[in-house]
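K.L.:
how would this look folded up:
(chains A and B, ligands or ions: 2)
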Amino acid sequence: MSTQTLPPIPQTATTTYRECVREAIRDALARDDRVFLMGEDVGHYGGCYAVTKGLLAEFGPDRIRDTPLSESTFTGAGIGAALNGMRPIVEIMTVNFSLLAMDQIVNGAATLLHMSGGQFTVPLVIRMATGAGRQLAAQHSHSLEGWYAHVPGLRILAPATLTDARGMLWPALEDPDPVLIFEHVMLYNATGPTPDADTVKAVDITHAARRREGTDVALITYGGMLGRTLEAAEALEKDGISAEVIDLRVLRPLDEDTVLSAVRRTRRAVVVDEGWRSGSLSAEISARIMDQAFWDLDAPVARVCSAEVPMPYAKHLEQAALPSVEAIVQAARGTLGKGAP
Amino acid sequence: MTAEVSKPAPGGGKVHLTHGHLMALLRDMLRVRRFEDRCAELYTQEKIRGFLHLYNGEEAVTVGVCAALEPRDAVVATYREHAQALVRGTSMRAVMAEMFGKASGCSGGRGGSMHLFDREHRLYGGNAIVGGGLPVAVGLALADAMRGRDAVTACFFGDGAAAEGEFHESLNLAALWRLPVLFLCENNLYAMGTALRFSHASPDLAARAHSYGLPAESVDGMDVVAVEAAARRAVTAIRAGAGPYFLECRTYRFRAHSMFDAQLYREKAEVEEWTHRDPLPRLIDWMRTAGHLHDDDLKALEDAVATELEDAVAFAEAAEWEPVETLTRFVTSAEDRP
Ligand SMILES: Cc1ncc(C[n+]2csc(CCOP(=O)(O)OP(=O)(O)O)c2C)c(N)n1
Ligand SMILES: [Mg+2]
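P.N.:
Ligands and ions are numbered 1, 2, ... in the order given. You can find the predicted model right below:
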């Protein structure tokens, strides 16, 4: 190793998803002194996914707060601080651990505006990692964002691109209501051109995005599954099938218009969701398509979801549990009445 | 009242036992007691529905604590929180209308008995998740601390809540960050039907707070002046920057946990014994003996409370229902969003 030279540092302005999230946090901290960040290991350690590295040195311990291992309490403290004029960003290491704070999120943040008859808003942002792919097994790999998308009063975001990672945080902080941002663990190392300021400014937290145009089938996905879905679309292209790809971006409230217009144009839909199939977000999207675009469909809505198993550790098992490019291709072909290529 | 309470409280929290102050304490004690009794009646008449948790017997806790607070301070309470709302300044009309589920209730009819909120008086609920208010109180205090605002957050919770994880997490975090939280444990010896001794390996709740580095004391929660004195000590320490403070108020609930409760878990004799310590006659007797209360004064006070109460009931009765068309209001700030 010692004799090997390091590859040259690329001179083009590229960045990573992780750096985009960090930049978004830095920017928010600099723009608004009501913003602060708290969570486990966000300070001295630099964040369990290294997202917040360097922020403690830059902003100090008052605004970058390492908390004890107390998910419920630091989330609830975020609610209290938000009620009392601050704009907290709470980081929870992974969605699995957010279950220890689910009471505060579901019974607290999501309900206070309503229970108080409109008196109290909770301008809180909670960020957390989600998803599988790092062989972290069944207590660190699940995609439970769909559960939160079930809850009225919350806004649920799933940035799948560098631009969204960079741009979604600020409008989320401006939202007077609680917003949960789900960062897929496999995206942190994703690289790409540094999003320019205008593009970042244009990022909204209300619309789904069309990531690829197509005419034969709409592939509807979000977050960590966007990459595989785009790959599947490429593979389908080689087969002469033109697939549109819709990135939901916002899991609640759903941008039905974008989804339905894609389905109406292509007349076929495949929902790709890393969550489990039963009682899931994919079921919700499928149901809405049936409700509102049934007569436009040429085939039943298909779904590609994770296998209904706690996420296994072994790499081959983990990959087998996740929606694969092949499975997406198969499902899309199925809606066109075609078998395996 | 004990002799101890009339002397200056160490740390500067002196209770001034002037006639006017004592009358104000008595007035609030009466307002809460009569309000609660009336609620029980209204419940049997089905004007009030849902869960109804009454505070009879515990009035001295809230009245004593609130006497030590300023309007700029915040309050977080439980589902047994009528007293906190009434004593902090939410109008009896708005509280009663909320019980009735009316639009002019302090939560617009969406909260009910367990979820009284009042932005103007910094009452942040009304939380019916046992222990759920503690983290929120820590956050309220964190914001005040970060903004350099001189405000204390008073957080009420029960003995049962002290078994929840959030109790431990919140005491630790508040102490770690030296936040201005006054933790007030309303120890009425029961969590629903489970006696303290059946749910806590060690019944010494103050010791538990001590172990997290909080100054902690226990006080006779049936003695309003003792509670006020202790709360003043606590608030003085908190305002001086000492961090959070834990106050255990030893009290007793005279009525059932909520409206449906056969009270099989406690002996009549025990309830009887505690009624001898009823904080209301105790204050009245002491004021009489000390020459602060004459029969006419008491009569006038009772009449005023009765008038306020009947006015509140009439108001609630006459108030409008929130129209069903507004069912999905206040789910998000943007009214048109699902
Ligand atoms: C998290 C949670 N668990 C259980 C309940 C049901 N419950 C409501 S009140 C109560 C007893 C709480 O006792 P305590 O904290 O002593 O308060 P008190 O009612 O005596 O004022 C229970 C178990 C609840 N509301 N929330
Ligand atoms: Mg109790």
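K.L.:
next, find the distance separating whichever residue of the stretch 51-200 of chain A sits closest to ligand 2 from B:Glu58.
P.N.:
Proximity of the stretch 51-200 of chain A to ligand 2 (CB to the ion) peaks at A:Asp103, 19.5 Å away. Where C-beta positions appear, they are placed from N, C-alpha and C, glycine not excepted. As for A:Asp103, its distance to B:Glu58 is 25 Å (criterion: CB to CB, to the nearest Å).
K.L.:
give the contact list for the residue of the stretch 51-200 of chain A closest to ligand 2.
P.N.:
Residues counted as contacts of A:Asp103 (CB atoms under 8 Å, 6 or more residues apart in numbering or on different chains) are A:Ser72, B:Ile129, B:Gly132.
K.L.:
so which of the residues you listed are in helices?
P.N.:
Using DSSP state H, A:Ser72 are the members of these that sit in helices.
K.L.:
quick check, nearest of the contacts of A:Asp103 to A:Ala138?
P.N.:
A:Ser72 (21.5 Å; CB to CB).
K.L.:
how many residues are close by the residue nearest to that closest one when sequence neighbours are not counted?
P.N.:
Nearest non-adjacent residue to A:Ser72, counting by CB to CB, 6 or more residues apart in numbering or on different chains: A:Ala101, 4.8 Å away. Using other CB atoms under 10 Å in any protein chain shown, A:Ala101 has 25 neighbouring residues.
K.L.:
pull the number of nearby residues for residue 190.
P.N.:
You didn't pick a chain, so chain A it is. Neighbours of A:Ala190 (other CB under 10 Å): 18.
K.L.:
wrong one, chain B
P.N.:
Neighbour tally, B:Tyr190, other CB under 10 Å: 20.
K.L.:
helix or strand: which one has A:Gln330?
P.N.:
Using DSSP states H and E, A:Gln330 falls within helix A:325-335.
K.L.:
now do the buried residues in that helix.
P.N.:
Neighbour-count burial for helix A:325-335, counted by 16 or more other CB atoms under 10 Å in any protein chain shown, picks out A:Val325, A:Ala327, A:Ile328, A:Val329, A:Gln330, A:Ala331, A:Ala332, A:Arg333, A:Gly334, A:Thr335.
K.L.:
repeat for stretch B:216-236
P.N.:
Buried, per 16+ other CB under 10 Å, within stretch B:216-236: B:216, B:218-236.
K.L.:
name the nearest residue to A:Arg34, sequence neighbours excluded.
P.N.:
In space, and not counting its chain neighbours, A:Arg34 is closest to A:Arg87: 4.4 Å by CB to CB, 6+ apart.
K.L.:
how about that neighbour, what does it touch?
P.N.:
A:Ala28, A:Asp32, A:Arg34, A:Val35, A:Phe36, A:Pro123, A:Val125, A:Leu173.
K.L.:
at 7 Å what do you get?
P.N.:
A:Asp32, A:Arg34, A:Val35, A:Pro123, A:Leu173 (CB atoms under 7 Å, 6 or more residues apart in numbering or on different chains).
K.L.:
now the last one. Its backbone dihedrals?
P.N.:
With angles defined as degrees, to the nearest 10, A:Leu173 shows backbone torsions of phi -70, psi -30.
K.L.:
report the separation between it and A:Phe74.
P.N.:
18 Å.
K.L.:
same thing with the first one?
P.N.:
In this structure, A:Asp32 lies at 20 Å from A:Phe74, with CB to CB as the measure.
K.L.:
how about the closest residue to ligand 2 within the stretch 101-250 of chain B: what's its closest non-neighbour residue?
P.N.:
Nearest residue of the stretch 101-250 of chain B to ligand 2 (CB to the ion) works out as B:Gly158 at 3.6 Å. In space, and not counting its chain neighbours, B:Gly158 is closest to B:Glu186: 5.4 Å by CB to CB, 6+ apart.
K.L.:
I'd like the next helix or strand past the host helix or strand of that neighbour.
P.N.:
Using DSSP H and E, B:Glu186 sits within strand B:181-187. Downstream of strand B:181-187, the first helix or strand assigned by DSSP H and E is strand B:190-191.
K.L.:
residues contacting whichever helix or strand comes after that next one, please?
P.N.:
The first helix or strand that comes after strand B:190-191 along the chain, using DSSP H and E, is strand B:194-195. Here strand B:194-195 makes contact (CB under 7 Å, 6+ apart) with B:Leu189, B:Tyr265.
K.L.:
10 Å instead?
P.N.:
The contact list for strand B:194-195, computed with CB atoms under 10 Å, 6 or more residues apart in numbering or on different chains, reads B:Asp159, B:Gly160, B:Ala163, B:Leu189, B:His200, B:Pro203, B:His257, B:Tyr265, B:Arg266, B:Glu270.
K.L.:
out of these, the closest to ligand 1 would be?
P.N.:
B:Gly160 (2.7 Å; CB to the nearest ligand atom).
K.L.:
in chain B, which spans are helices?
P.N.:
B:19-44, B:59-67, B:82-88, B:92-100, B:133-147, B:165-176, B:196-199, B:205-211, B:224-239, B:268-275, B:279-289, B:295-318.
K.L.:
got the CA coordinates for the second one in CSV?
P.N.:
What follows is helix B:59-67, C-alpha atoms only, in CSV (Å, rounded to 0.1, in the frame of the first residue of the first chain):
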residue,chain,number,x,y,z
GLU,B,59,-55.3,21.6,44.5
ALA,B,60,-52.5,22.9,46.8
VAL,B,61,-49.9,21.6,44.4
THR,B,62,-50.8,23.6,41.4
VAL,B,63,-52.0,26.6,43.4
GLY,B,64,-48.8,26.7,45.5
VAL,B,65,-46.5,26.2,42.5
CYS,B,66,-48.2,28.7,40.3
ALA,B,67,-47.9,31.3,43.0
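K.L.:
what about that helix, near ligand 1?
P.N.:
No - between helix B:59-67 and ligand 1, judged by CB under 6 Å from any ligand atom, nothing touches; the nearest distance is 10.2 Å.
K.L.:
pLDDT (mean, whole number) over that helix?
P.N.:
Confidence for helix B:59-67, expressed as mean pLDDT, is 98.
K.L.:
contact residues of chain B facing ligand 1?
P.N.:
For chain B, the residues in contact with ligand 1 (CB under 6 Å from any ligand atom) are B:80, B:128-130, B:158-161, B:186, B:188, B:190-192, B:257.
K.L.:
thinking again about what came up before, between A:Asp32 and A:Phe74, who's got more neighbours?
P.N.:
Each of A:Asp32 and A:Phe74 has its neighbours counted (other CB under 10 Å); A:Phe74 has more, 29 against 14.
K.L.:
would you list the phi and psi of the more buried one?
P.N.:
phi -70, psi -30.
K.L.:
isn't it right up against A:Met93?
P.N.:
No - in this structure, A:Phe74 is not within contact of A:Met93 by CB atoms under 10 Å, at 11.4 Å.
K.L.:
report the set of residues contacting both of these two.
P.N.:
Here A:Phe74 and A:Met93 share the contacting residues A:Gly39, A:Glu40, scored by CB under 10 Å, 6+ apart.
K.L.:
who's in contact with residue 72?
P.N.:
Using chain A. Counting by CB under 10 Å, 6+ apart, A:Ser72 has contacts A:98-105, A:108, B:131-132, B:134-135, B:164-166, B:169-170.
K.L.:
chain B was what I was after
P.N.:
B:Arg122, B:Asp144, B:Arg149, B:Asp150, B:Ala151, B:Val152 are the contacts of B:Arg72 under CB under 10 Å, 6+ apart.
K.L.:
between those, which sits nearest chain A?
P.N.:
Closest to chain A out of these is B:Asp144 (6.5 Å), distances taken as CB to the nearest CB.
K.L.:
doesn't B:Trp177 make contact with the closest one?
P.N.:
No - using CB under 10 Å, B:Asp144 is not in contact with B:Trp177, being 11.7 Å away.
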